[in-house]
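Colleague: Dropping a prediction and its sequence here:
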Amino acid sequence: MAMSQNSSASIGSVPPNDGPPSLRQANAQIAVLEISRSSGSVNELLKTIEDRITDHITETQSVLRKALGFYGGGFAIATALVIYFMKK
C-alpha cells in the first residue's frame, strides 16, 4: 500500500485527533513514555506501558458493563410494557 507524497505521517506516529478521547490520551501517554525512554530502564518502561494499558482496559470494560446494563434494563422495561398493553 503506497502512501501519498503529501502525507506528513511517519512510521509509528498517530494523528492527534483520531479516535475517542481515551485513545488519544493513551497515545499521548505512550508518546511521553517514548520520549523518556532514554532516561529509564527498558523494564520500567514496559511495566509502565503495561500498567497504563491495563488501566485503559479496566476503564473500557467498566463503561461497557454500564452501557449493557442500561440497554438490558431498557429492553426489559420495553418488553414488559408491550406485554402489559397486549394483555389489556
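Modeller: Nice, thanks for sending it over.
Colleague: Out of the helices and strands in this protein, which is least certain?
Modeller: The helix or strand of the chain with the lowest confidence, counting by mean pLDDT, DSSP states H and E, is helix 21-35 at a mean of 77.
Colleague: In the protein, spot the helix with the most residues.
Modeller: helix 42-87 (DSSP state H).
Colleague: remind me which residues of this protein are low pLDDT?
Modeller: Within the chain, the segments meeting pLDDT under 70 span 1-20, 35-40.
Colleague: and stretch 22-42, C-alpha only, in CSV?
Modeller: Provided in CSV are the C-alpha atoms of stretch 22-42 (Å, rounded to 0.1, in the frame of the first residue of the first chain):
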residue,chain,number,x,y,z
SER,A,22,-9.4,7.8,25.9
LEU,A,23,-7.5,6.5,22.9
ARG,A,24,-5.9,9.9,22.2
GLN,A,25,-4.9,10.1,25.9
ALA,A,26,-3.3,6.7,25.8
ASN,A,27,-1.4,7.6,22.6
ALA,A,28,-0.2,10.8,24.2
GLN,A,29,1.0,8.9,27.3
ILE,A,30,2.8,6.4,25.1
ALA,A,31,4.4,9.3,23.2
VAL,A,32,5.6,10.7,26.5
LEU,A,33,7.0,7.3,27.5
GLU,A,34,8.8,7.0,24.2
ILE,A,35,10.5,10.4,24.9
SER,A,36,11.5,9.4,28.4
ARG,A,37,12.7,6.0,27.3
SER,A,38,16.4,7.0,27.3
SER,A,39,16.2,8.1,31.0
GLY,A,40,14.9,4.8,32.4
SER,A,41,15.4,1.2,32.0
VAL,A,42,13.5,-0.8,29.4
